[in-house]
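1. Quick one, fold the following:
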Amino acid sequence: MLDLDNTRNIGISAHIDSGKTTLTERILFYTGVIHKIEEVKGKSGAGATMDSMELERERGITIQSAATHVQWKETRINIIDTPGHVDFTIEVERALSVLDGAILVLCGTSGVQSQSITVDRQMRRYNVPRVAFINKMDRAGADAYRVTDQLRDKLKHKPAIITIPIGEEDEHRGVIDLRTRRAFYFDGDNGENIREEDIPEGFEEKVEEYRAKLVEAVADYDDDVMTKFIEGEEVSADEINAAARKGTLALDLTPVFCGSAYKNKGVQILLDGVVQFLPNPKEVTNKSFVIDGKDETEVDLETRNDAPMCALAFKLEDGRYGQLTYLRLYQGTVKKGDTIFNGRTNHKVKVGRLVRMHSNDMEDIDEAGAGDIVALFGVECAAGDTFHGPEVHYSLRSMYVPDAVIEYAIEPKDKTTLNNFSKALNRFAKEDPTFRVHRDEESGETIIRGMGELHLDVYIERMRREYGVDIDVGEPQVAYRETITKEIAYNYTHKKQTGGSGQYARVAGTMRPLVDAEAGVHYRFVDKIVGGKIPREYISSCDAGFKQGMVRGTVIGFPVVDVEMELSDGAAHAVDSSDMAFQLCARTAFKEAMRSAKPVVLEPIMKVEAETPEEFQGAVQTTLIRRRGMILGSETRLGGCVIEAHVPLSEMFGYSTELRSATQGKAEYSMEFAKYGEVPASVQAELILKYKDRQK
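-> Numbers count the residues shown, from 1 in each chain. Got it, this is the predicted structure:
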């Protein structure tokens, strides 16, 4: 069983191409898990250890999160390396939902970028303490102090610099630990030999300046340190560590390390920081619901082996030996041969094979305890399911799943591969909650929806490689939404007489725009029925009917969002009223009211960040404005320029080609979903015409 005091469950997250996978590769090497370092796009073609998928190695990006475990000195560290590309954001989401701490990797040159902001928001959502690692200090323009300022200004962190670089760019030779005032150099072919020396000449003043800032930052968390700081007394390294740990666990302080993973500098000091500052499983409070019949009670889980078992299936993977279910054990133990229960389906599950993962390799184990991350084979479940023992029925909170923004109509080129086509879609939809599949009843087409072009392209390529199914793909279709802009009263009566008992229902009330909802809430039902005008058993039928009306809007047939339906009047018939009659009545009332409530079409607006040499700044801004972009601002970085803009997703197809031709191939961009915005009237008119043509 794990020694929980000496256990860390951490993730490595960052903007794409900040060096997460390279950093993980170094961690694996220095902890003795691997004996040869492979680069993300290695000359051998092997690829990084954690990028085990063939597609990942070809593209040089991480697509799936990968789990491994290492031993650093006395501490066991479970690590999940996550993708940086926003299209695979669910991989970051699911990892952070089960981790106790994280390393936020930042590029020493580019600093805080768009996806850095996204992963920071995800860490905050799950209350994950973090340390920051400013990577690529060997790159031209690297500046650890500027990046630390961005941590403070852009991400609103309270950074505490622990190590400073000895030289930058091609002069980067090692790091100085401010706590001990010692310099560390990393010798040998792979930086494995650590040489500790006195502070190099010329750095004494800078060390004292930044050590004073470090002591001032951590003094807020320890009265003794505060007293010593005020009185000008020396504060020891141990006192700094203890105070910084309190601040980090309180989600208030971010210890900052620096180095170059690619040049093998500073990684071992970062590993020490993970152990020193990030929490062990007992120091994190996890909550679950206990289900008793229809009642739910929220409880704090205790990271103890002798407590009732509770675990979360946070990731599914179709491995060589069947479905692999990644499990985070919060409480209790699980052993081979145990019978556990799926909290969502109440099905019994027999634990057959239990393994500990290392990327796509595994080690068989007999049992696992509280605080551990392991995997099971042959368990039928979905991502996000809770597993519990026979004593207590637990239900853990589900992770946040963002809405899809793009869809393709797809079909197999060869009808004989239909069976494999269905198998692939079922598997991918079960593994990835952001990959949605549905059949369009009007056209009969299979529609896949996801987080971006790359997201869906990867799944289409996987169907070809893993299932032998070649796909015909329709034009990308933006996931529009519809909403209303005006409050309107409705009053609708549904009557149908077909001999014998008929159908009768009347509903009346007010439809209005929903303006004050929490994030992710797009519909509210308000019951204001008094005096039994509608019998209580039919109130939920009205709610269900309104929801059915929202599935397909009246403008261009897309789902309706941000609507409040108040039900205040109605009527029922003693014989002819029924659940079905009220559902049909409410659905039709919704449609009729919506037509009069000034409906509009909403489109996904993307936050685009384009990085270009300064001489092309005007040209890049022109390309964005031409695509209905709104420039939010620009920032100059060492002869380069970063332009931020909000651009409708519908205008971004094919943008990479235009950007390359406008900048001689020297610019690049990233984008992520920002919000839904109302389309201009002229665009709405075009969409309505296209919708009418499809209806013919």
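2. now the helices for the stretch 401-550 of the chain?
-> 418-431, 453-467, 539-550 (DSSP state H, counting those that start in this stretch).
3. which strands and helices sit next to the longest one?
-> For helix 453-467, the contact count by 3 or more Cβ pairs under 8 Å, 6 or more residues apart in numbering; DSSP states H and E identifies helix 54-59, strand 406-412, helix 418-431, strand 446-450, strand 471-473 as packing neighbours. Every residue, glycine included, has its C-beta placed from N, CA and C.
4. looking at those, which is closest to Val530?
-> Among the helices and strands packed on helix 453-467, strand 446-450 comes nearest to Val530, with 41.6 Å by Cβ to Cβ.
5. so the closest one versus helix 418-431, what angle?
-> Counting by axes from the mean of the first three to the mean of the last three Cα atoms, to 10 degrees, strand 446-450 lies at 30 degrees to helix 418-431.
6. CA atoms of strand 446-450 as CSV?
-> This file holds the C-alpha atoms of strand 446-450, laid out as CSV (Å, rounded to 0.1, in the frame of the first residue of the first chain):
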residue,chain,number,x,y,z
THR,A,446,-24.5,10.7,-39.3
ILE,A,447,-23.3,13.9,-37.6
ILE,A,448,-20.2,14.1,-35.4
ARG,A,449,-19.6,17.1,-33.2
GLY,A,450,-16.5,18.2,-31.4
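7. Within its sheet, name the partner strands of it and how each one runs.
-> strand 406-412 (antiparallel), strand 436-439 (antiparallel) (DSSP bridges).
8. Residues contacting the last one, please?
-> With contact meaning Cβ atoms under 8 Å, 6 or more residues apart in numbering, strand 436-439 is reached by Ala404, Leu425, Phe428, Ala429, Glu445, Thr446, Ile447, Ile448, Arg449, Gly450.
9. Can you get me a residue count around Met123?
-> Each residue near Met123 was counted by other Cβ atoms under 10 Å, and the total is 22.
10. swap in Arg595?
-> For Arg595, using other Cβ under 10 Å, the count is 13.
11. Is it in a helix, a strand, or coil?
-> Assigned by DSSP: H, G, I helix; E, B strand; the rest coil, the conformation of Arg595 is helix.
12. now it: how far from Leu418?
-> Applying Cβ to Cβ, to the nearest Å, the value for Arg595 to Leu418 is 39 Å.
13. And for Thr623?
-> With distances taken as Cβ to Cβ, Thr623 is found 42 Å from Leu418.
14. who's more crowded, these two?
-> More neighbours surround Thr623 than the other of Thr623 and Leu418, with 23 against 12 (other Cβ under 10 Å).
15. ok, then the element right after the one helix or strand in the chain whose mean pLDDT sits lowest?
-> Taking mean pLDDT, DSSP states H and E as the measure, the chain has helix 54-59 as its least confident helix or strand, at a mean of 48. Using DSSP states H and E, the helix or strand that follows helix 54-59 in sequence is strand 66-72.
16. Could you give me the buried positions within that following strand?
-> Within strand 66-72, the residues scored as buried using 16 or more other Cβ atoms under 10 Å are Ala66, Ala67, Thr68, His69, Val70, Trp72.
17. Paired strands for that strand, with orientation please.
-> strand 75-81 (antiparallel).
18. how far out from the middle of the chain is the strand it pairs with?
-> In terms of Cα atoms, centre = their mean, to the nearest Å, the centre of strand 75-81 is set 19 Å apart from its chain centre.
19. again with stretch 539-551
-> Going by Cα atoms, centre = their mean, where stretch 539-551 is centred and where its chain is centred differ by 31 Å.
20. Beta-bridge partners for Pro513, please?
-> Per DSSP bridges, the residues bridged to Pro513 are Val563.
21. so who does it touch?
-> Here Pro513 is in contact with Thr483, Ile484, Thr485, Lys486, Glu487, Asp562, Val563, Glu564 (Cβ under 8 Å, 6+ apart).
22. Could you rerun that using 10 Å?
-> Contacts for Pro513 (Cβ atoms under 10 Å, 6 or more residues apart in numbering) come out as Thr483, Ile484, Thr485, Lys486, Glu487, Asp562, Val563, Glu564, Ala597, Lys598.
23. Looking at these, which two lie furthest apart in space?
-> Glu564 and Lys598 (15.2 Å).
24. quick one: which of these two has more around it?
-> Comparing Glu564 with Lys598 by other Cβ under 10 Å, the one with more neighbours is Glu564, at 19 against 13.
25. I'd like the distance from that one to Ser97, if you could.
-> 30 Å.
26. mind listing what's buried in stretch 288-308?
-> In stretch 288-308, counting by 16+ other Cβ under 10 Å, buried: Ser288, Phe289, Val290, Ile291, Leu301, Glu302, Thr303, Asn305, Ala307, Pro308.
27. Could you do stretch 529-549 as well?
-> The neighbour-count criterion (16+ other Cβ under 10 Å) identifies 529, 534, 538-539, 541-549 as the buried residues of stretch 529-549.
28. show me the contacts for Thr416.
-> The neighbours of Thr416, taking Cβ under 10 Å, 6+ apart as the test, are Val469.
29. And for Asp189?
-> By Cβ under 10 Å, 6+ apart, the contact list for Asp189 reads Ile37, Asn264.
30. does it sit in a helix, a strand or a coil?
-> Under three-state DSSP, the three-state class of Asp189 is coil.
31. Could you check how far it is from Met565?
-> Distance, Asp189 to Met565, using Cβ to Cβ: 68 Å.
32. follow-up on the earlier one: comparing the helices of the stretch 401-550 of the chain, which comes out most buried?
-> Mean neighbour count (mean count of other Cβ atoms under 10 Å) peaks for helix 539-550 among these, with a mean of 20.
33. neighbours around Pro390, how many?
-> Number of residues near Pro390 (other Cβ under 10 Å) recorded here: 12.
34. same question, Arg125
-> Neighbourhood size, Arg125 [other Cβ under 10 Å]: 14.
35. Residue nearest the middle of the chain, spatially speaking?
-> Against the mean C-alpha coordinate of the chain, by Cα atoms, centre = their mean, the closest residue is Glu93 at 2.9 Å.
36. residues contacting Arg464?
-> Ala424, Asp470, Ile471.
37. of the residues you listed, closest to Ala517?
-> Ala424 (36.0 Å).
38. was I right about that closest one contacting Tyr459?
-> Yes: with contact defined as Cβ atoms under 10 Å, Ala424 reaches Tyr459; the gap is 8.1 Å.
39. Would you map the strands across the stretch 451-600 of the chain?
-> In the stretch 451-600 of the chain, the segments counted as strands under DSSP state E, counting those that start in this stretch are 471-473, 477-478, 481-484, 488-496, 503-513, 523-527, 563-571, 599-613.
40. can you redo the buried residues of stretch 529-549 as a markdown table with distance to Gly371 and pLDDT?
-> Below are the buried residues of stretch 529-549 laid out as a markdown table (distance: Cβ to Cβ, whole Å; pLDDT from 0 to 100):
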| residue | distance to Gly371 | pLDDT |
| --- | --- | --- |
| Ile529 | 50 | 89 |
| Ile534 | 51 | 92 |
| Tyr538 | 49 | 93 |
| Ile539 | 45 | 94 |
| Ser541 | 46 | 94 |
| Cys542 | 47 | 95 |
| Asp543 | 42 | 95 |
| Ala544 | 42 | 95 |
| Gly545 | 47 | 96 |
| Phe546 | 45 | 96 |
| Lys547 | 40 | 95 |
| Gln548 | 44 | 94 |
| Gly549 | 47 | 95 |
